[in-house]
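Novice: Build me a structure from this.
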Amino acid sequence: SEREISSINPNTILPDYTKDPAKPQQAPEPQSAEDLGIKLDDHSGMVPVYQNKAFSKNLLTKQEDARKKQTDAEASEAPQLPASLKEFRGDLIGEIALSTTAWPWAPWVLDLKQRFYRLLVVPTAYWEGLIDGHTDVWLKVDRKGNLVEHKLLRYDGHETLMESTVHAFTASAPYKALPADFPDEYLELRVRVIYPNIKELYLKMQREQSARQ
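Specialist: Numbers count the residues shown, from 1 in each chain. Sure, this is the predicted structure:
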């Protein structure tokens, strides 16, 4: 029999977030995607099931000498940053929407995230606080966990972050098989991965720590 034609349109045009850019440094605490002005709308029947409520509070607390020396001009405009900001342990996946929630989806989604993070290689420039952005991808998974189709829906920010995101999702397939009682032939997901401006988060945390002292 022919494959069932999906009713979920991966070509849905998402809102123009460039008109309302995310500014995590303005929040008193690391915030959810919604708080950052980034929303994953429920297009074509997809159901939002996950939204990252907060980044880890273990953000960039280790103080180290800068790995690269700044010029006098740069130093006058920006404070010194640690050589590596990899103490950041926030959950980068900000939003997940599924084509159906009529199944116990939480364990499967958790496994997907773990596979994604195992193969995610973030450019060094991100840990240096030089680039940021967010990427929206659409995934179509069969009952055996095979990634039968994927599409880049949108990205904002540096291209290398988008490339790292797409590669991590495709390279981590096949995913865990869907449960036997999964109601459809395919599961479709729309996932947003958010790379906050790590330099601004770091500097904000420094200011908050200084204010508490």
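
Novice: What is the neighbour count of residue 109?
Specialist: Residue 109 is flanked by 17 other residues according to other C-beta atoms under 10 Å. Using the backbone N, CA and C atoms, a C-beta is placed for each residue, glycine as well.

Novice: Nearest residue to residue 132 in space, please, no chain neighbours.
Specialist: residue 197 (4.2 Å; C-beta to C-beta, 6 or more residues apart in numbering).

Novice: And the lowest mean pLDDT element among the helices and strands of this structure?
Specialist: helix 72-77 (a mean of 37; mean pLDDT, DSSP states H and E).

Novice: so which helix or strand takes in the closest residue to residue 149 other than its chain neighbours?
Specialist: Spatial nearest neighbour of residue 149, chain neighbours left out: residue 140 (4.1 Å); criterion: C-beta to C-beta, 6+ apart. Using DSSP states H and E, residue 140 maps to strand 133-142.

Novice: buried set for whichever helix or strand residue 166 is part of?
Specialist: If you go by DSSP H and E, residue 166 is part of helix 159-171. Burial within helix 159-171, assessed by neighbour count using 16 or more other C-beta atoms under 10 Å, is assigned to 160, 161, 162, 164, 165, 166, 168, 169.

Novice: Tell me if residue 202 really is in a helix.
Specialist: Yes: Residue 202 forms part of a helix when assessed by DSSP: H, G, I helix; E, B strand; the rest coil.

Novice: ok, it - how many residues close by?
Specialist: Per other C-beta under 10 Å, the neighbour tally for residue 202 reads 21.

Novice: what comes up buried for stretch 169-186?
Specialist: Residues 169, 172, 173, 175, 176, 178, 182, 186 are the ones in stretch 169-186 that count as buried (16+ other C-beta under 10 Å).
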